[in-house]
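1. With the input below, show me the fold.
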Amino acid sequence: MANTKSAKKMVRKIEARTEVNKARRSRVRTFVRKVEEAIESGDKAAAAEALKTAQPEIMRAVTKGIAHKNTASRKVSRLSARVKAMA
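-> Have a look, this model is predicted:
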C-alpha cells in the first residue's frame, strides 16, 4: 500500500493511465476483429476497406505505447496477406 503523498498520487495517475490504455487496446482489437469478420464473410472489398481503416489504428497504438512496433507490423502484415489471399 502506498504510504507517501507522492506514492498515493502515482497510484491515482497509474489508474487513470490504465483506463486510457485499456480503451485504446480495446479500440485496436475492434478494428482487427472487423477485418477478420470481413475476411470470414468472403467479401474482399469490405476486407480491404476494413484493413485500410485498421492499419493506422494499429500503428497509432505503437506511438501511444500500447503495442510494440514489431508486433503491430506483424499484425498488419498478416492481415494484409490474408486479405490479399482472398481471390
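
2. The residue nearest in space to the middle of the chain and Val62: what is the separation?
-> Nearest to the mean C-alpha position of the chain, counting by Cα atoms, centre = their mean, stands Val28 at 2.6 Å. Going from Val28 to Val62 by Cβ to Cβ, to the nearest Å gives 10 Å. (C-beta placed from N, C-alpha, C; glycine too.)

3. same deal with Ala2?
-> On the measure of Cβ to Cβ, Ala2 and Val62 end up 31 Å apart.

4. Can you pick out the residue with more neighbours from these two?
-> Val62 (16 against 11; other Cβ atoms under 10 Å).

5. In terms of helices and strands, where is that one?
-> Assessed by DSSP states H and E, Val62 sits inside helix 44-63.

6. tell me how far that helix is from the chain's mean position?
-> Offset of helix 44-63 from its chain centre (Cα atoms, centre = their mean, to the nearest Å): 9 Å.

7. Work out for me the element Lys8 sits within.
-> helix 5-41.

8. Taking helix 44-63 as reference, get the angle to that helix.
-> 160 degrees (axes from the mean of the first three to the mean of the last three Cα atoms, to 10 degrees).

9. Contacts for stretch 76-83 next, please.
-> 32, 35-36, 39, 44, 47-48, 51, 54-55, 58-59 (Cβ atoms under 8 Å, 6 or more residues apart in numbering).

10. Go again with 10 Å.
-> With contact meaning Cβ atoms under 10 Å, 6 or more residues apart in numbering, stretch 76-83 is reached by 31-32, 35-36, 38-40, 44, 46-52, 54-56, 58-59.

11. Which of the residues you listed are buried? Put it as a PyMOL command.
-> To isolate the buried members of these in PyMOL, using 16 or more other Cβ atoms under 10 Å:
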select buried, resi 31+32+35+38+39+46+47+48+50+51+54+55+58+59
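
12. residues of the helix holding Lys8 that come out buried?
-> 24, 28, 31-32, 34-35, 38-39.

13. Understood, closing this out.
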